Each structure stands twice: as structure tokens, then as C-alpha cells.
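Engineer: need a 3D model of the following:
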Amino acid sequence: MEENIVLKMRNIHKSFPGVRALQGVDFTLRRGEIHALMGENGAGKSTLIKVLTGVYSKDEGQINLDGKDEAIHSPQDAQRVGISTVYQEITLCPNLSVAENMYIGRGKGAVQNWKKMNADADQILTNLGIPARGSQQLSSCSLAVQQMVAIARAVDTDCKVLILDEPTSSLDEQEVEKLFTLMRDLREKGVGIIFVTHFLDQVYEVCDRITVMRDGKLVGEFVTEELPRVQLVSKMLGKELDDLSDIQGEYSSYEAAEGEAPVFEAKGLYSDSGIKPFDFDIKKGEVNGFTGLLGSGRSESVRAIFGADRVLGGEVKMNGKPVKIAKPIDAMKNGIAYLPEDRKRDGIVGDLSVRDNIILANQVLKGFLKPYKKSETYKIADEYIKLLSIKTASADTPIKSLSGGNQQKVILARWLLTHPEYLILDEPTRGIDVGTKVDIQKLVLKLASEGMSVTFISSELDEMLRTCSRLMVMRDRRMVGELSGEELKQSTVMNTIAGGEK
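Structural biologist: Below is the predicted model:
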């Protein structure tokens, strides 16, 4: 088996100020295998990948490729020796053609001959079974095909090791299956694939082996079919995990007073995002949610509620009184908070510290002419870092250097600091580990038990069924059903989404 190994990383160490990110980590990849790299946010997965690809220099250890020790100090070094990476955020140019994206920055030859460049691209796309043509504009391709083009570009550079970093987080089920077909084809061609993901189902569908990391250390390497899911979760968390479906039992429901008006109520609300007019309400202490397939209008609905998209019509009430919410500041002043779906684009301010990101929304409400005292900001930040178990070297650490799950917790802290009556969470657990997901679900139920109203959106239906007492079902940007009580089961939700309304 030793001769089949394409990559060996041994005794890898990496430290940052105040943080030992990697402590003696080993990783082995074989030719023609799909190998999952798993662990909680902050486990060290991203740091290990960045060491392998030359983004970070290791403090200690060896990287061996095809039996030869390699000194990798830059991404160019990694590419030169046959290591390619496709990231979660597609880094291609949508205004250029597929072929131009495949060959841009790759030197002379095909780039200077358009006809040959398109023909070469078509040949590679055909060989990999990618449904695209070299001459078509990349923006005309679906997100999944754009991911595949990024992979085609990577493997055309004599790639021995292909790293896929959360490539499926924005894809629907059909698109994921297309991507898996391509990954299996590459496996057959002998490419070693490192698959970084948080989706357990996908790991068990497509991966041959699993390496688990925790707190910057190697937990172990396992053959996928020999590792039961519950054991995988246990190894990632470092503790036994109770059945997630029991988390509701930890918190008693908040009982709204008889006849009490809903905290928020909308009638005929719609916006310029194409969402059809919908009615919606939420009671004090209730957790409800919007569910539906990708693109169904879940996010557009809550963006209309918060005034993040331009509202074109409808009536809105808070605690029974008519209010006008035309923009986010109106919603904030009425006690509504919104954690957006895309934390990188709409949530974090990357160059600001954790402390500054936490106080941002409340500072907007106070007005910038009434700044917080510096000592007060440290006290607030430390309180919420402790409350939400945010892993950061200090409150002054730039938020962009935190793991995805910890960035999400900082944004959640920002909105909790405003003490909202009504909290909207759009995909708060996307792209984060199982343990942090459970923490956030428990926090949602705890806040509701204390009287806060919460709207929760997740692509994972099981998560919705665990946390919500009522679901609004969306299809084609229209609300097509409302489910509660005995109707809250997977089969009923799926049937309503598919068109067999209750």
C-alpha cells in the first residue's frame, strides 16, 4: 500500500500569536481516493490546507509528494509540484468565457490562439463530462458547472492532489450529484482528492477515507465504511453526542398570554426580489421558519421583513401597531435583528476586530456621535465571547482570521447585543461543524424560552424540524403552505414543497 501513497504530511506544526493551530499533525493521501478532512471549526483543517498549498509556512514537519520531500513556500510552489485547490467561493471571472477562465495566467501558446484554446477547452470538458463549451460565457453556467470548470482548470495543470474546500455548500442536490460524478471520474483517473466538508451524508456517499482533526491535533484516519456516523461525530467533538432530536427537551416553551398580539405581523408583503405577496406572523417566544428548495424564496421573504430588499407593498405591524419598514435601520429601531445568509458579503467586516464587529449594530442604533467608551467595548466583547464560547486569541483579533463558525457566533453576538424582540437567523449553521450547529440550535431554543421570537432558516430540513414549531413552505418565490403540530415531519414538508399541498 506504501507505493500507492501520493502525499504524506508528517509532524506538521504551525502557531500564530496566542494560538497553536497545528500540533504534530500527520495526513496521508493515496492515489485514486477521495479523502474527507473533517473536524469542528477551529480544528485546524484550513490551516493544514494552507500549509500544504504554501499560503502559510509550517513551523516544523515534512511534506512528501510522490516519495520526494518538497519545500512549499507559496501557492506557485504547490501548483508546480501538482497540488491544486478549488475553494468554496468560486474565484473565476464570470465575464470571461469558460476557455479563458481555464487558461488565464497560464503562459503562452493556447492563450494566443483563440480557436485552439476553445478546442483544447472543449476536449478537456468532454473528457471530464462537464456540460459546458469553451466559447460560452462563464456567467451563463450554473453554479455547479462553474465549480466543475474550476476543477477542470485545476486538473489540467498535471494535478496529482486536488483539494476541494466546501465545494457543495451552495449547490442543490442535483448539482451536488453532478459534482460527485466528476469527482468519481477523477478518482478513476488516479487523482488524489482531499474533500473538506461539513455534510456527513456527502462524506458517506463519496469518500473512501476520513481524517478527523480536533483542536489542532490529529484524532485519526478511518476507512469510511468502518466508521459509524455517531462515532464520527463523537470523534469530531471529543465527547459522546446525544440524539440531536432531544435538544428541544432542554428548554421549556415560553407561554404567550392569551389573546396577545403577534410580535410581528405582515399582510401582502412583497419586494423587488420577485417574491410574491405573502402573509406572515410570529408570536412572542415562538421559533418558526421558512423552508423550501434553494431559490424558493426563503431568504427573500426575511429580507423583505427586515427591509434589506426594497419593499413594494404590504402592511406590517409590531405588537399590533402599524409600522413602516422601508430599510434595515427601520427594522432595527423596531426591535428586529437579522443574521444574513452570506456572512462574508453581508455580515462580517473582515478588517475590523472581533470587538468592533460585536458592537457595530448597537453603535449604529446609538448613533456615531455617541461612541462607546473603549473600556465598555472590551467589557461587552469579553461578555459575549464567553457567552457564545467564541474561539479567538483576543477581542482585538481581526474577525477575518477566525474560523467560519466563530465568525458566525460574532455576528450573532452583534445582534444579541441589540436585545431584539424578534431575531431572524438565515442559514446560521451553514458551513460550520456539528458541535457549533448544536450550540446555535440550543441557543435559539433558550432565547425563545426567555420570550424572544425567532425565525430560523436552514437548508437542512432535520435542523428545521428540531427547532421550529411552525414552518412556512416556499416554492418558486411563493408561500405554498404552513405546517405545524403533527404535520411537522419530513414527508409532509417534502410533499408540500413538491406540490402536494396539505
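Engineer: domain assignment for this structure?
Structural biologist: According to automatic domain parsing, the chain comprises the domains 2-237, 243-335+420-502, 344-419.
Engineer: need the ones you listed in JSON lines with mean neighbour count and mean pLDDT, can you?
Structural biologist: Heads up, the C-betas are built off the backbone N, CA and C, glycines and all. Supplementary listing: these in JSON lines, determined by neighbours: other Cβ atoms under 10 Å; pLDDT from 0 to 100:
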{"stretch": "domain 2-237", "mean neighbour count": "18", "mean pLDDT": "87"}
{"stretch": "domain 243-335+420-502", "mean neighbour count": "18", "mean pLDDT": "85"}
{"stretch": "domain 344-419", "mean neighbour count": "17", "mean pLDDT": "84"}
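Engineer: which stretch of helix or strand covers residue 9?
Structural biologist: strand 5-16 (DSSP states H and E).
Engineer: by contact count, what packs against that strand?
Structural biologist: Counting contacts by 3 or more Cβ pairs under 8 Å, 6 or more residues apart in numbering; DSSP states H and E, strand 5-16 packs against strand 19-30, helix 45-52, strand 60-65.
Engineer: who wins for proximity to residue 439 among these?
Structural biologist: Checking the helices and strands packed on strand 5-16 against residue 439 by Cβ to Cβ gives helix 45-52 as the closest, at 18.4 Å.
Engineer: which stretches in the stretch 101-250 of the chain count as strands?
Structural biologist: 161-165, 192-196, 209-214, 217-223 (DSSP state E, counting those that start in this stretch).
Engineer: in a markdown table, list those along with distance to residue 309.
Structural biologist: Formatted as a markdown table, these follow (distance: least, Cβ to Cβ, whole Å):
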| stretch | distance to residue 309 |
| --- | --- |
| strand 161-165 | 30 |
| strand 192-196 | 32 |
| strand 209-214 | 39 |
| strand 217-223 | 43 |
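Engineer: nearest to residue 435 among the ones you listed would be which one?
Structural biologist: strand 209-214 (9.7 Å).
Engineer: so what secondary structure elements neighbour that closest one?
Structural biologist: strand 19-30, strand 34-38, strand 217-223, helix 229-237.
Engineer: distance to residue 335 for these - can I get that in JSON lines?
Structural biologist: Output for the helices and strands packed on strand 209-214, formatted as JSON lines (distance: least, Cβ to Cβ, whole Å):
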{"stretch": "strand 19-30", "distance to residue 335": "37"}
{"stretch": "strand 34-38", "distance to residue 335": "39"}
{"stretch": "strand 217-223", "distance to residue 335": "43"}
{"stretch": "helix 229-237", "distance to residue 335": "35"}
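Engineer: out of these, flag the one nearest residue 436.
Structural biologist: helix 229-237 (9.9 Å).
Engineer: between that closest one and strand 217-223, how many degrees?
Structural biologist: 160 degrees (axes from the mean of the first three to the mean of the last three Cα atoms, to 10 degrees).
Engineer: which other residues reach helix 229-237?
Structural biologist: With Cβ atoms under 8 Å, 6 or more residues apart in numbering as the test, helix 229-237 has contacts from 38-40, 43, 200, 203-204, 210, 212, 214, 219-220, 222, 240-241, 433-435.
Engineer: what of stretch 487-502?
Structural biologist: With Cβ under 8 Å, 6+ apart as the test, stretch 487-502 has contacts from 291-293, 296, 461-462, 464-465, 468-471, 473, 475, 480-481, 483.
Engineer: any idea how far it is from the chain center?
Structural biologist: Stretch 487-502 sits 26 Å away from the centroid of its parent chain (Cα atoms, centre = their mean, to the nearest Å).
Engineer: what is the helix or strand hosting residue 269 packed up against?
Structural biologist: In the assignment (DSSP H and E), residue 269 maps to strand 264-271. Here strand 264-271 touches strand 278-282, helix 298-306, strand 311-318, going by 3+ Cβ pairs under 8 Å, 6+ apart.
Engineer: out of those, which gets nearest to residue 397?
Structural biologist: helix 298-306 (28.4 Å).
Engineer: dump that closest one to CSV, restricted to CA.
Structural biologist: Provided in CSV are the C-alpha atoms of helix 298-306 (Å, rounded to 0.1, in the frame of the first residue of the first chain):
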residue,chain,number,x,y,z
ARG,A,298,-36.8,31.6,1.8
SER,A,299,-34.2,34.3,2.1
GLU,A,300,-36.1,36.9,0.0
SER,A,301,-39.0,36.6,2.5
VAL,A,302,-37.0,37.5,5.5
ARG,A,303,-35.1,40.2,3.6
ALA,A,304,-38.5,41.8,2.9
ILE,A,305,-39.4,41.6,6.6
PHE,A,306,-36.1,43.3,7.5
